[in-house]
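> starting from these lines, generate the structure:
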Amino acid sequence: MNRTIIEVSDVITSFGENLIHDHVSCSVREHEIYALLGGSGSGKSTLMREMILLERPQSGTIRVLGHDLSSLTPMEAMELRRSWGVLFQSGALYSSLTVGENIALLYKEYTDLSPALSNELIQLKINLVGLPPHAQYLYPSELSGGMIKRAALARALALDPKLLFLDEPTSGLDPLSSRQFDELILQLRDLLGLSVVMVTHDLDTIHHIVDRFTLLGEKRVIAEGNLTEVLRVDHPIVDYFFQKGSYGITR
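Coordinates of the predicted model:
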């Protein structure tokens, strides 16, 4: 069994009087595609934001690549952030910069690479995600929804991360583009040896490329495991997602 690279233990999260997580625990293994699934407001995006140091829980422990996130110094946090890439739901590309310039920002901030070498790496990342070479010179407003996702993915891969975090990676895409993006994630995981954590509503994604996942609901973990293991759990939320939906997945 692959080693655990993310471990969430007894996490409690609240915003004011609004309790989001009530003793949530889960774990991600090396080289797997792992998903956080749940209804709107279940706390899946918040949990991912806590994993990447954008939010902090009230209590509990989150360990990423062996580091307790609650005890990092600013310098340690900066170094750890270089170990992961993040694809946000909307892509979050800078609209005033070209695709190439968006990717180049990471090389300028985190490396001492020459402009020529940075440009070679930009072209490599753009090719890696299936974009045409001229996409480097396009602005986000000139890209389709699917191209925006791929450009943002190229930026997330700029520093050769060990971990890739994806927030609703197929939202807003048509069914064909969604499946193509899923296949791209699967290929990149195998090619680059990535470990992938994604927030998703897409049950087709769960069915086709996800190794294991956590189903969040009622402020806690309803079930964790692969699809077969989760479907064995007798709970109304499992029934809602996998029996009463339109995907034909049953126990």
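> in the stretch 1-150 of the chain, where is pLDDT below threshold?
1 (pLDDT under 70).
> where does pLDDT dip in the stretch 151-251 of the chain?
Using pLDDT under 70, the stretch 151-251 of the chain drops low at 244-251.
> helices of that one, start to end?
Under the criterion DSSP state H, counting those that start in this stretch, the stretch 151-251 of the chain carries helices at the ranges 175-192, 203-208, 227-231, 236-242.
> how are the helices of the stretch 1-150 of the chain distributed by residue range?
Per DSSP H, counting those that start in this stretch, the stretch 1-150 of the chain carries helices over the ranges 44-51, 74-81, 99-110, 115-128, 145-156.
> what angle sits between the longest one and helix 175-192?
The directions of helix 115-128 and helix 175-192 differ by 120 degrees, with axes from the mean of the first three to the mean of the last three C-alpha atoms, to 10 degrees as the criterion.
> check the offset of helix 115-128 from the chain's centre.
In terms of C-alpha atoms, centre = their mean, to the nearest Å, the centre of helix 115-128 is set 23 Å apart from its chain centre.
> now swap in stretch 151-166 and tell me
Here stretch 151-166 is found 9 Å from its chain centre; the criterion is C-alpha atoms, centre = their mean.
> buried stuff in that stretch?
151-159, 161-166 (16 or more other C-beta atoms under 10 Å). The way it works is simple: take the backbone N, C-alpha and C, and place the C-beta from them, glycine included.
> do the same with stretch 64-82
64, 69, 72, 80-81.
> rewinding a little: and residue 129, which of the helices of the stretch 151-251 of the chain is closest to it?
When those are compared by C-beta to C-beta, helix 175-192 sits nearest residue 129, at 6.6 Å.
> how many degrees apart are the closest one and helix 145-156 in direction?
With the same axes, to 10 degrees applied, the angle from helix 175-192 to helix 145-156 works out at 20 degrees.
> what is the neighbour count of residue 117?
12 (other C-beta atoms under 10 Å).
> that one and residue 221, how far apart?
44 Å (C-beta to C-beta, to the nearest Å).
> domains of this structure?
Under automatic domain parsing, the residue ranges defining each domain of the chain are 1-83+163-251, 95-160.
> let's have those in a markdown table, adding distance to residue 89.
Putting the domains of the chain into a markdown table (distance: least, C-beta to C-beta, whole Å) gives the following:
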| stretch | distance to residue 89 |
| --- | --- |
| domain 1-83+163-251 | 4 |
| domain 95-160 | 10 |
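> quick one on the thing from earlier: biggest separation within the buried residues of stretch 64-82, which pair?
Top of the distance list for the buried residues of stretch 64-82 (C-beta to C-beta): 69 and 81, 10.9 Å.
> common neighbours of the two, please.
residue 53 (C-beta atoms under 8 Å, 6 or more residues apart in numbering).
> out of the buried residues of stretch 64-82, which is nearest to residue 213?
Among those, and counting by C-beta to C-beta, the member closest to residue 213 is residue 64, at 18.0 Å.
> spit out the contact partners of that closest one.
By C-beta under 8 Å, 6+ apart, residue 64 lies in contact with 5-6, 51, 80, 83-84, 163.
> nearest residue to residue 186 in space, please, no chain neighbours.
Distance criterion C-beta to C-beta, 6 or more residues apart in numbering; nearest residue to residue 186, sequence neighbours excluded, is residue 209 at 4.8 Å.
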